[in-house]
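Student: my questions are about this predicted structure, shown below with the sequence.
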Amino acid sequence: MSSRLVNWFKFSSPSTFYPLAGKIGFWSMVVTVVLLAVGLYMSFFVAPTDYKQGEGYRIIYVHVPAAWMSMFLYVLMAGWAALGLVFNTRLSAMMASALAPTGASMAFIALWTGAFWGKPMWGAWWVWDARLTSELILLFLYLGFIALQSAIDDPRRADRACAVLAIVGVVNVPIIYYSVIWWNTLHQGATIQIRGESSMDPLMLTTLLIMTLAFWAYCIAVAMARVRSIILERERETTWVGEMVKEGRA
Amino acid sequence: MFEIFRTVVMRDLVLALRRRADLMTVLFFFVIVVSLFPLAIGPEMSTLRMIAPGVVWVAALLASMLALERLFAADYADGTLEQMLLTPQPLALLVLGKIAAHWLVTGLPLVLISPLLGLQYGLSGETLLVLLFSLLLGTPALSLIGAIGAALTLGLRGGGVLVSLLVLPLTIPVLIFGSGSVEATASGMGGEGHLYLLGAILVMSLVLAPLAAATALRISNE
Amino acid sequence: MFEIFRTVVMRDLVLALRRRADLMTVLFFFVIVVSLFPLAIGPEMSTLRMIAPGVVWVAALLASMLALERLFAADYADGTLEQMLLTPQPLALLVLGKIAAHWLVTGLPLVLISPLLGLQYGLSGETLLVLLFSLLLGTPALSLIGAIGAALTLGLRGGGVLVSLLVLPLTIPVLIFGSGSVEATASGMGGEGHLYLLGAILVMSLVLAPLAAATALRISNE
Amino acid sequence: MLEVRNLECVRGDRRLFRELNFTLREGELLHLHGHNGSGKTTLLRAVSGLLLPSAGEILWRGKDIRELREEFSAELIFIGHKRAIKDDLSAVENLRVACTLDGVRISEEQAWKALERIGLYGFEDLPSRVLSQGQKRRVGLARLLLNRAPLWVLDEPFNALDKAAVGLLQGVIREHVANAGVVLLTTHQEVSLTQGAVHSLQLGSGELGHV
Amino acid sequence: MLEVRNLECVRGDRRLFRELNFTLREGELLHLHGHNGSGKTTLLRAVSGLLLPSAGEILWRGKDIRELREEFSAELIFIGHKRAIKDDLSAVENLRVACTLDGVRISEEQAWKALERIGLYGFEDLPSRVLSQGQKRRVGLARLLLNRAPLWVLDEPFNALDKAAVGLLQGVIREHVANAGVVLLTTHQEVSLTQGAVHSLQLGSGELGHV
Ligand code: HEM
Ligand SMILES: Nc1ncnc2c1ncn2[C@@H]1O[C@H](COP(=O)(O)OP(=O)(O)OP(=O)(O)O)[C@@H](O)[C@H]1O
Ligand SMILES: Nc1ncnc2c1ncn2[C@@H]1O[C@H](COP(=O)(O)OP(=O)(O)OP(=O)(O)O)[C@@H](O)[C@H]1O
Ligand SMILES: [Mg+2]
Ligand SMILES: [Mg+2]
């Protein structure tokens, strides 16, 4: 028990985490490439055509994983930020700021693909539906986080301020999410149930799961790459970065 | 404890009264925004009645965003905020005092005048009452939530608009339930449910917002 | 002469660019305000399409009014405005430079993004184009007219109401012709007439507003 | 009373000072010297708890000021570059609000007395906005006459004051030191504060010397 | 050059001075004395044309400054209590903008030289926001090194400066007076400006005396 605790603290220091992040990032990238290749092949050529929506439905394989990731990443980001605020660990704050752009881009992809899909399905790029609106608000929450980060020069102050914002924002997420109940909605409800029957073709489901995993791996890879560059930038004064630069490893 | 709270509230009220014109600006802004829509959209009463709750609520939201900028900024600029951080009083209490004064000066007048504006849009008696109530519950929540944003952006080069960017997404539930309550009443479905939710948001923000804002202030002054 | 104008414009542009977040936030404010209405009013496309021109135009008016607050206030607070009054350059020229920079930073992005927002409200292609054009003519006029108000607010302690009273009657024609042009196009009546009027307002304010604002600045600084 | 241990402050990519150590006991005054930009304000703000130093500890009566928080604030007066008065309140109102927030209960009369002593007789009731630069500073300094907090942290308190006011303030500081107070101050002007134990610290060289 | 005739300034219901008369010729300096709130800032702002006096005239080369307007501005530098620099611009940028607006064309190199001379070497490129109080003031004062305007109106220019900077500024002022410039300044600090013809005016008593 205690040895594991020590281990964790060891990796909470940027200097030891830096090489680890490199390894994780590399392997995630490999996984991403493999899964994406398989997933995209399956989504375009293997998965059956939807009997109602025709070929256009295939955009779901990008849309849904992106939408899921965007929501999950926000909670994750807020979690890291909270850790950083409470325990004053530098690494957690760096993780949070590394996740924000990824989350924002996921939200953006979900909106963009959704809008692309909406045109043939609903005959409009955009409708003011609860699901769509909450996704838009999520994007704004991300953008607020990024804007606040870039508006404050001192990185430590920026981290702490952003942490407060992220935590307050996370309180808001379930409220936005449940507002679906008060709205009649055009957007599809949950098709994938954890319990009970799933209304989806098994092959479609498999493809979707593979794509989701690919997105996961991608997000991890990108976040690791970004956290590495943040570590380098913020720790440039320290001796370990100096030595690394001297040895030409950075 | 209460003595301190009272001092802060009185201080800010006196300051606001010294600038009586300033006091009117928020109110005036609210009235103008609400009155601009008929000009921009056209005078059909049926359309106007339909959009009335939304317009009044959006105007209230914007007016309180506008006012927020001044919540801490002046104290920050002249250094009195710094001194507040150094007093032996719990900061969240001082923050709560400032928010209370701020709401009394900017939120309350807006609540009181809203039935008059609703009347212009042809809302019925009961609907007007619900409008009044929803604003009475909603605007303090807006001030409380907004205070967090105001504290976070203090002294930043983002200025007032950055506050809006941070705070507006957080206030959307208030907007939805607030205008929802009025619409539900207007369409005869009863707005109580929405009002309860608004009340819940108010209580929650009353407990959490001063603490969050106080933390944010300490960070901003670092 | 042009050298001076360029220096002022560049100075303010650099200042704005230093505040990366600031530059985007006016835009976000605009986007968010436009996005709030469907939340408050409800998702029916037919209603939304009807109020779209009005909503976009009111949002543009509010965004540029809010941004105006910062046009002179910062320079006033840190004393650089005082120094501008003491330079051997014609003050109206300096003011025009400041307004130009201000519009480039706050007005132009808002104009450019407006078609996207119009699309969300289901406006058609031609209507979108007219919306774009009306904003392109209207927002500089709003900045110019607003500058007079901003200059007057400086001296008068919290004279916000007076300024709104002064500036609003002047901006209402812009709002009416602006949203009118879009509505006329949407209903197939052609918005050219409105656009010409907008253009006339722009030219007139381009000539008069810098002078008026310069005079107002001298008065406020006395 | 006040102990600073291995303090280091970094602003941007400039390390202002490091390994700074000093201790102040009751009735001692530390006069901080240093050229413009040497880090005096930064040090004073760190000692007041307004700024998180990048390394080191600041102890008050043996405890870290970050843990003491409000308890430490109760024993501290910090007067910085900013005037910390509201332009729309009169001198009396400013003083009374400041004292109440400091947790010091003062009567209307005490406030008037203090303002008279600091040389604002006749200006007590004007909105501070119309006061001159030096008069505004005096309003801020009047707190020193009423608050019995033991630790005073004063950042260039003599700025903008005329000779009479400088003399008066010197007297007040001397008196406080004589009453076992602790004072940490910086000023570029020549002042005579040679009562009690006066230390002087030169920033940039990092040495603590007795005068 | 500069002639003040029967000047009277009233703020609120307080008459700060009346029947004030003085004349300054080329190569003369007037050191304005007076306690806090005696009206020094008011007088300086009136002379610069920022404030309308309630009675009297201010003449520059025999003409009323109200009529000269931009012509007068071209020959004047006013440095007041406010720093008049943009926090988001660097020292170089601030200086270059200020000079261009003053109608003085300077090269990038001249700006760097001036800043080095005023003691900001190494800080030229930082946003002024992060500079210390004294460094900010120096940025504002750097204009004096580049602008050849004959009339300088300086309101407590030595505030917040360290000793080295005070010495430097004294030198710059002396040099300007020696070059037939006209200087009107006020400060509460002891400074030595005894080159050229130095007058001194005590506000509150209204006399003009030679030193
Ligand atoms: C801009 C427009 C759109 C946005 C912002 C959007 C947003 C989202 C979000 C946030 C989710 C995840 C929600 C969840 O799993 O609970 C999602 C899932 C989904 N979306 Fe969209 N969407 C848009 C347009 C569309 C369109 C046009 C369609 C098809 C007609 C569509 C079909 C789906 C489906 C099938 C799911 C998976 C639901 C599930 O299995 O749980 N979306 N979308
Ligand atoms: N982001 C930054 N990058 C580089 N230097 C910085 C940064 N922020 C602050 N500084 C420097 O830190 C120092 C801050 O000094 P401080 O305000 O403590 O000086 P001071 O000793 O009080 O000077 P003064 O006598 O002028 O008041 C300045 O030299 C300033 O230039
Ligand atoms: N509305 C008013 N009512 C009464 N007195 C006023 C009013 N406005 C200004 N004053 C007084 O006018 C004087 C202004 O003085 P000024 O700022 O010129 O002083 P100063 O000599 O520069 O002082 P300092 O040395 O402190 O800078 C102050 O005494 C101030 O109290
Ligand atoms: Mg300092
Ligand atoms: Mg003065």
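Tutor: Thanks, I have it. Numbers count the residues shown, from 1 in each chain, chains lettered A, B, ... in the order given. Ligands and ions are numbered 1, 2, ... in the order given.

Student: list the residues that contact residue B:10.
Tutor: Going by C-beta atoms under 8 Å, 6 or more residues apart in numbering or on different chains, residue B:10 touches residue B:101. (Glycine included, C-beta is placed from N, CA and C.)

Student: quick one, phi/psi of it?
Tutor: In terms of degrees, to the nearest 10, the main-chain angles of residue B:10 are phi -60, psi -40.

Student: quick check: the residue of chain A nearest ligand 2.
Tutor: residue A:153 (6.5 Å; C-beta to the nearest ligand atom).

Student: which SSE is that residue in?
Tutor: Residue A:153 is part of no helix or strand when elements are defined by DSSP states H and E.

Student: okay, now it: neighbour count?
Tutor: Here the number of neighbours of residue A:153 (other C-beta atoms under 10 Å in any protein chain shown) works out to 13.

Student: can you check the one 10 residues further on too?
Tutor: Residues within reach of residue A:163, counting by other C-beta under 10 Å, total 27.

Student: and residue A:173, by the same measure?
Tutor: Neighbours of residue A:173 (other C-beta under 10 Å): 17.

Student: for it, give its distance to chain E.
Tutor: 35 Å (C-beta to the nearest C-beta, to the nearest Å).

Student: and for that residue, nearest residue in space, chain neighbours not counted?
Tutor: residue A:74 (6.5 Å; C-beta to C-beta, 6 or more residues apart in numbering or on different chains).

Student: report all helices and strands that the helix or strand that neighbour falls within contacts.
Tutor: Element membership for residue A:74 (DSSP H and E) is helix A:60-87. Here helix A:60-87 is seen to pack against helix A:90-122, helix A:130-151, helix A:155-178, helix A:202-234 when contacts are counted using 3 or more C-beta pairs under 8 Å, 6 or more residues apart in numbering or on different chains; DSSP states H and E.

Student: and residue A:35, what does it touch?
Tutor: With C-beta under 8 Å, 6+ apart, residue A:35 has these contacts: A:210, A:211, A:213, A:214, A:217.

Student: filter those residues down to the ones near chain B?
Tutor: With C-beta under 8 Å from any C-beta of the partner chain as the criterion, the contacts of residue A:35 include none near chain B.

Student: could I get those residues as a markdown table with neighbour count?
Tutor: Output for the contacts of residue A:35, formatted as a markdown table (neighbours: other C-beta atoms under 10 Å in any protein chain shown):
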| residue | neighbour count |
| --- | --- |
| A:210 | 21 |
| A:211 | 24 |
| A:213 | 17 |
| A:214 | 23 |
| A:217 | 20 |
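
Student: pLDDT of stretch A:94-114, averaged?
Tutor: The average pLDDT within stretch A:94-114 is 93.

Student: SS state for the nearest residue to residue D:39 once chain neighbours are set aside?
Tutor: Leaving aside its chain neighbours, residue D:39 sits nearest to residue D:16 (3.4 Å; criterion: C-beta to C-beta, 6+ apart). Secondary structure, DSSP: H, G, I helix; E, B strand; the rest coil: residue D:16 is strand.

Student: check the burial of residue D:16 by counting its neighbours.
Tutor: Count around residue D:16 with other C-beta under 10 Å applied: 25.

Student: please tell me how far it sits from residue E:136.
Tutor: Distance of residue D:16 to residue E:136, computed by C-beta to C-beta, to the nearest Å: 16 Å.

Student: and what of residue D:157?
Tutor: Counting by C-beta to C-beta, the gap from residue D:157 to residue E:136 is 19 Å.

Student: look up phi and psi at residue D:57.
Tutor: phi -130, psi 150.

Student: could you count how many residues lie near it?
Tutor: Counted with other C-beta under 10 Å, the neighbours of residue D:57 add up to 13.

Student: contacting residues for the closest residue to chain E within chain A?
Tutor: Chain E sits closest to residue A:153 of chain A, with a gap of 8.0 Å, by C-beta to the nearest C-beta. For residue A:153, the contact set (C-beta under 8 Å, 6+ apart) comprises D:12, E:130.

Student: so residue D:32, which of the three states?
Tutor: Going by three-state DSSP: residue D:32 is strand.

Student: and the closest residue to it other than its chain neighbours, what's its pLDDT?
Tutor: Counting by C-beta to C-beta, 6+ apart, residue D:32 lies nearest to residue D:186, which is 4.1 Å off, once chain neighbours are set aside. Among the per-residue scores, residue D:186 holds a pLDDT of 93.

Student: top helix in chain D by residue count?
Tutor: When chain D is parsed with DSSP state H, its longest helix is helix D:163-178.

Student: which elements pack onto the helix or strand following that helix?
Tutor: Sequence order places strand D:182-186 as the next helix or strand after helix D:163-178, per DSSP H and E. Strand D:182-186 sits against strand D:28-33, helix D:40-48, strand D:151-155, helix D:163-178, with contacts defined as 3+ C-beta pairs under 8 Å, 6+ apart.

Student: before we move on, the earlier item: which residues touch the residue nearest to residue D:32?
Tutor: D:31, D:32, D:33, D:34, D:40, D:41, D:44, D:154, D:155, D:156.

Student: helices and strands around the helix ranked longest in chain B, which ones?
Tutor: Ranked by residue count under DSSP H, the longest helix found in chain B is helix B:45-78. If you count contacts as 3+ C-beta pairs under 8 Å, 6+ apart, helix B:45-78 packs onto helix B:20-41, helix B:80-85, helix B:91-102, helix B:108-120, helix B:125-152, helix B:159-186, helix C:20-41, helix C:45-78.

Student: and the residue in chain A positioned nearest to ligand 3, how close does it get to residue D:12?
Tutor: Using C-beta to the nearest ligand atom, the single residue of chain A nearest to ligand 3 is residue A:153, 33.0 Å away. Per C-beta to C-beta, residue A:153 is found 8 Å from residue D:12.

Student: who touches both of these two?
Tutor: Common contact partners of residue A:153 and residue D:12 (C-beta under 8 Å, 6+ apart): residue E:130.

Student: now do the residue lying farthest from the centre of chain B against chain C, distance only.
Tutor: Residue farthest from the centre of chain B, counting by C-alpha atoms, centre = their mean, is residue B:44 at 29.8 Å. Distance, residue B:44 to chain C, using C-beta to the nearest C-beta: 9 Å.

Student: residue D:173: neighbour count?
Tutor: 22.

Student: cool, the one 4 residues further on as well?
Tutor: By the measure other C-beta under 10 Å, the count of residues near residue D:177 is 21.

Student: enumerate every residue touching the closest residue to residue B:202 other than its chain neighbours.
Tutor: Spatially, and ignoring its direct neighbours in sequence, residue B:202 is nearest to residue B:141 (4.5 Å; C-beta to C-beta, 6+ apart). By C-beta under 8 Å, 6+ apart, the residues touching residue B:141 are B:171, B:174, B:198, B:201, B:202, B:205.
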